[in-house]
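Peer 1: Here you go, sequence then predicted model.
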Amino acid sequence: MSGAYREMIPRLLERYRNEIALQMMEKFNLKNRFAVPRLEKIVINMGVGEALQDVKILDKAMEELAIITGQKPITRRAKVAISNFKIKKGNPIGCKVTLRKAKMYEFIDRLIAIALPRIRDFRGVSSDSFDKAGNYTLGITEQNIFPEIEYDKITRTQGMDIVFVIKNSKTKEQSRELLRLFGMPFREKE
């Protein structure tokens, strides 16, 4: 390409198009390539209940989530008041990021190849966390498994929920197989 700008295609997206989609079509007897389940988006959510006492905790969590994902998070606010937890309607209680397209594939690649193996005594992720629609939810207890976060600058450990929204999935087995082909290290059932 002389002088033309060519966008870098993420490694996992290219692998999905060339290998994974064909394997899914063969395994589940799908006739059309458009019927193959695919990742639509990844939603990363951090609940920061301590933000009620100190807003700086939420700011730090948002900063770390932006470093991890490469995208600015939005503030999540309480929809209803909960008097037992001293939460008023509209209070900031967390932050979230929705990743799509190239950033989504780059994030899942870093998560599977780098971050998950850094968890102490890691034996795989649960294969039972699928909902009825075939979406997968993964809970992580510490943000320091991501190499982008500097261990010395962490003021408090913060967990997060990662939701993989899968489109065109008819069953949980199709969703599980898609994530397994991406390299998700599912724990063997005992």
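Peer 2: Thanks, I have the structure now.

Peer 1: what bridges to the residue positioned nearest the centre of the chain?
Peer 2: Nearest to the mean C-alpha position of the chain, counting by CA atoms, centre = their mean, stands I162 at 3.7 Å. Per DSSP bridges, the residues bridged to I162 are I44, L138.

Peer 1: Hmm, it is touching I145, no?
Peer 2: No: using CB atoms under 8 Å, I162 makes no contact with I145, being 11.6 Å away. In short, each C-beta sits where N, CA and C put it, glycine included.

Peer 1: Skipping adjacent residues, who's closest to R11 in space?
Peer 2: Once flanking residues are discounted, R11 sits nearest to D109: 6.0 Å by CB to CB, 6 or more residues apart in numbering.

Peer 1: Report the contact partners of the residue nearest to the centre of the chain.
Peer 2: 42-45, 111, 137-140 (CB atoms under 8 Å, 6 or more residues apart in numbering).

Peer 1: Residue ranges in this structure under the pLDDT threshold?
Peer 2: 1-6, 189-190 (pLDDT under 70).

Peer 1: what are the ranges of the helices in it?
Peer 2: 11-15, 21-27, 55-69, 101-110, 172-182 (DSSP state H).

Peer 1: Export those helices to JSON lines and append columns for distance to I149 and mean neighbour count.
Peer 2: Shown next, in JSON lines, are these (distance: least, CB to CB, whole Å; neighbours: other CB atoms under 10 Å):
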{"stretch": "helix 11-15", "distance to I149": "22", "mean neighbour count": "16"}
{"stretch": "helix 21-27", "distance to I149": "33", "mean neighbour count": "15"}
{"stretch": "helix 55-69", "distance to I149": "6", "mean neighbour count": "18"}
{"stretch": "helix 101-110", "distance to I149": "12", "mean neighbour count": "18"}
{"stretch": "helix 172-182", "distance to I149": "23", "mean neighbour count": "19"}
